[in-house]
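**Student:** how does the following fold in three dimensions:
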Amino acid sequence: MSTPESLQPTVNNSISIEIIPAIELARFGAEVVADPIRYAVAPIDIQRAVAHSKNPVADHQTPGMVVAYAEGRCIGYIGMLPIMGEIDGRRLKVLAPTTQFVAPEYRKKPAPGCKTVADQMYEASLKTGYDQLITGFNEAGGRIYQRRPDWFTLLPSLLLIRIRLTPLQPISSAARRVHSLNALKAVNPLTKGLYRSTQLLVDQPAIPITYSLLKVPDDGNSRNYRTEQTDCLKPLELPLANEPQRTVHFPRDFSVINWMISNPWHPTGNEKNPYYHFLSPRERFEYQAYHILERASGKRAGFLVALFSTEKGYTTMRLLDIGRSENLSRASVFNLALRIALSNNTNLIECSGDFSVDISRRPLLAKLSQRIERGYYMALAANSPFTNRTSEVSLDYCDGERPYN
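**Tutor:** The predicted structure is shown next:
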């Protein structure tokens, strides 16, 4: 099959740009592994490549990665995640940049009339004709979007809430901090053991107490439900709760959620890929999905999807997606999610600002919470249906690992 014209390589200022289709990422990932000289800057690791090549939103036309080369070697990349956008009920494919890196020696300001490597990569991606939604990015990425208002439109900010459970786990928290000190790397096995021991001796017995202190008032509604982990979410049998109408949003359906659960994007372990500069090693990186069931009837009343990420013994739970029936309150969903978080020895919960009203009703929980306004952007393609509608954009889920404040 020939490569679509929009995905053909381009050359600019001695930098060549290649667009890799998403479904070709597994092949490309194998090529990266096989040639560490050409890919001394590795655009992707093999696990992430294989996972993203199975994205149900992607096809042969859909970009999955933008790669920059100089003198035959990779010098930078932007990972592109195909997602679905919806505007006035019409669905269309959108790209969400997930990774961005340029080799340090190519980050210098170019000569007059020339463009940076990052500019050239984004320009090539826009020429493919897809709109882009940028939801998670680091400070360097934020500077790019700010200085190119002709390409990137700042959208209404998204409210996130971070809840630090560590203050209620003082011994294990101290052990984690000791474990993180570079000067004590030689005794990491000892400090790891201390952390694990305190997790068992302090955190686990305290879970019922912690839950009773932090759960939000829901008139006992959450007692009528239980959660059950699943590897395949299915549509609910009960009518969904009435949610605010969103005319411009980015829904994530069950096919995408189930793909994420079945195909973890991030390898776990202690070894860092020396050529892949984007992600640090983690002991755990796992998407988990749960059906919320009525205790009496066993019927599904809702669902929730969470990402658990553990780095140096510190676990973050990010509540990504929720769905609920009319009888299941949002406060009850939060309490059920909190119970799951505590059973996974979670140190930090990150969730959508939709829960802020419920959290404010529990003073202790409010004191442990931090409200974060996260900016995000869209890059609009020519003749984009989102033009003049960006002020209406909203997200249905909490996502993105690097909030930009």
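**Student:** contacts for stretch 372-381?
**Tutor:** With contact meaning Cβ atoms under 8 Å, 6 or more residues apart in numbering, stretch 372-381 is reached by 122, 125-126, 128-135, 142, 145, 151-155, 157-162, 386-387, 390, 393, 400, 403-405. Where C-beta positions appear, they are placed from N, C-alpha and C, glycine not excepted.
**Student:** longest single helix anywhere in this protein?
**Tutor:** Under DSSP state H, the helix in the chain containing the largest number of residues is helix 330-343.
**Student:** tell me which entries of the contacts of stretch 372-381 lie within strands.
**Tutor:** 132, 133, 134, 152, 153, 154, 158, 159, 160, 161, 162, 393 (DSSP state E).
**Student:** so which of the residues you listed sits lowest on pLDDT?
**Tutor:** Lowest pLDDT of these: residue 158, 80.
**Student:** what sits closest to it if chain neighbours are left out?
**Tutor:** What sits nearest to residue 158 in space, not counting adjacent residues and going by Cβ to Cβ, 6 or more residues apart in numbering, is residue 374, at 4.9 Å.
**Student:** check that neighbour and give its pLDDT.
**Tutor:** So residue 374 comes in at 78 (pLDDT).
**Student:** and the one 10 residues further on, by the same measure?
**Tutor:** Per-residue confidence at residue 384 stands at 92 (pLDDT).
**Student:** list the contacts of it.
**Tutor:** Residue 384 neighbours (Cβ under 8 Å, 6+ apart): residue 131.
**Student:** which SSE is residue 51 in?
**Tutor:** Residue 51 belongs to helix 46-52 when elements are defined using DSSP states H and E.
**Student:** give me the mean pLDDT for that helix.
**Tutor:** Averaged over helix 46-52, pLDDT sits at 92.
**Student:** likewise stretch 285-299?
**Tutor:** The model assigns stretch 285-299 a mean pLDDT of 93.
**Student:** and for stretch 345-363?
**Tutor:** For stretch 345-363, the per-residue pLDDT averages 91.
**Student:** and the end-to-end length of it?
**Tutor:** 22 Å (Cα to Cα, to the nearest Å).
**Student:** how far off centre is that stretch?
**Tutor:** In terms of Cα atoms, centre = their mean, to the nearest Å, the centre of stretch 345-363 is found 18 Å from the chain centre.
**Student:** could you do stretch 239-252 as well?
**Tutor:** That offset, for stretch 239-252, works out to 20 Å (Cα atoms, centre = their mean).
**Student:** gap between the two ends of that stretch?
**Tutor:** The first-to-last residue distance of stretch 239-252 comes to 18 Å (Cα to Cα).
**Student:** list only buried entries from the contacts of stretch 372-381.
**Tutor:** 122, 125-126, 128, 130-135, 142, 145, 151-153, 155, 158, 160-162, 386, 390, 393, 400, 403-404 (16 or more other Cβ atoms under 10 Å).
**Student:** helix or strand right after the helix holding residue 51?
**Tutor:** strand 63-70.
**Student:** could I get the average pLDDT for the helix or strand just after that following strand?
**Tutor:** Sequence-wise, the next helix or strand downstream of strand 63-70 (DSSP H and E) is strand 73-87. Mean pLDDT, computed over strand 73-87, is 94.
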